[in-house]
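> one predicted model, sequence on top.
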Amino acid sequence: MPTPIRRIVTGHDQNGRAVILIDGPAPNQKIRAANRVVSTLLWASEETPADASSNRDRADREIGVAPPTGGSVFRIVEFPPANEAGAFDNAAMLAELGLGPDAGDGRHASTHRTRSLDYAIVLEGEIDMAVDEAQVRLRAGDAIVQQATNHAWINNSDKPCRVAFVLLDARQPPQWDKPQR
C-alpha cells in the first residue's frame, strides 16, 4: 500500500472559534484495478461558492474522477511506473473512473477528459502528460492547468509519482462538439 496522506481539516466550534476537526490519514483511498493508480480523495464540494460552515467529512463518499456539477474535488493521486501497472483498456478505465464511453479517445489507453478545469502540482517523482498532439515531462514542483482536454498520465520513470489535483466543474467547451480527426 502507498504511504497514507495526512489530512487536516479545520472548522468552527459552537462559539465560532477555529478548531481542528480532522487530523489523520485520509481514509478515502482507492486503488484503481485498471492500472494500479492510487487515488486519495481529500475533500469535495457540491456547490460554488463552497459551504465552509459544515463540520461533516465531505470526503466520506463515493465519487468518480469529475467534480459534482457546480462543485470541486481535491485529491492526491499516486501513479506507479508504467512497466509495473500493466496493460489495460480504455473502456475499463473510463468505467472505473465514473466517466462515459465518450470521455476517452486518444493515442494512449489511459486517455480521458472531464468537464472540469483542473489544477495539478507534481509533488514527487516525474510523469508524462500526453495530449492529442504533444507530450510533456513534468517533475516535482511543476504545475499544470488542464482545461477539459483529452489527456493521459504516463509514468515512464522507475519510481512512483504523486500529483495533487483540484478539479472545478466547468462548462463543456464547444470544441467537444467538433469531430476528432
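Perfect, I can see it now.

> in this protein, what helix or strand scores lowest on average pLDDT?
Sorting the helices and strands of the chain by mean pLDDT, DSSP states H and E puts helix 90-96 at the bottom, at a mean of 58.

> after that helix, which helix or strand is next?
strand 116-124 (DSSP states H and E).

> give me the contacts around the next helix or strand after that next one.
Moving toward the C-terminus from strand 116-124, the next helix or strand (DSSP H and E) is strand 126-131. Residues outside strand 126-131 that contact it (C-beta atoms under 8 Å, 6 or more residues apart in numbering): 79, 106-108, 111, 135-140, 144, 146, 149-157, 161, 163. For the C-beta atoms, the positions are set from N, CA and C on the backbone; glycine is no exception.

> partner strands of strand 126-131, with direction?
Within its sheet, strand 126-131 is paired with strand 134-139 (antiparallel), strand 152-154 (antiparallel), according to DSSP bridges.

> elements contacting the helix or strand just after the shortest one?
Remark: after strand 152-154, the chain's next helix or strand is strand 161-169, criterion DSSP H and E. Strand 161-169 is packed against strand 72-79, strand 116-124, strand 126-131, with contacts defined by 3 or more C-beta pairs under 8 Å, 6 or more residues apart in numbering; DSSP states H and E.

> tell me what angle strand 161-169 forms with strand 126-131.
Counting by axes from the mean of the first three to the mean of the last three C-alpha atoms, to 10 degrees, strand 161-169 points 40 degrees away from the direction of strand 126-131.

> buried set for strand 161-169?
Neighbour-count burial for strand 161-169, counted by 16 or more other C-beta atoms under 10 Å, picks out Cys161, Arg162, Val163, Ala164, Phe165, Val166, Leu167, Asp169.

> please apply the same query to stretch 20-32.
With the criterion 16+ other C-beta under 10 Å, stretch 20-32 contains buried residues Ile22, Ala26, Asn28, Gln29, Arg32.

> select from those residues every entry located in strands.
Cross-referencing the buried residues of stretch 20-32 against strands under DSSP state E gives Ile22, Gln29.

> among the buried residues of stretch 20-32, which two are most distant?
Farthest pair in the buried residues of stretch 20-32 (C-beta to C-beta) is Ile22 and Arg32. Separation: 24.4 Å.

> make a markdown table from the helices and strands packed on strand 161-169 and add distance to Arg36 and mean pLDDT to it.
Below are the helices and strands packed on strand 161-169 laid out as a markdown table (distance: least, C-beta to C-beta, whole Å; pLDDT from 0 to 100):
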| stretch | distance to Arg36 | mean pLDDT |
| --- | --- | --- |
| strand 72-79 | 9 | 96 |
| strand 116-124 | 17 | 97 |
| strand 126-131 | 14 | 94 |
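
> mind checking the ones you listed for the one nearest to Glu62?
strand 72-79 (12.3 Å).

> what bridges to Lys30?
With DSSP bridges as the rule, Lys30 is bridged to Ser39.
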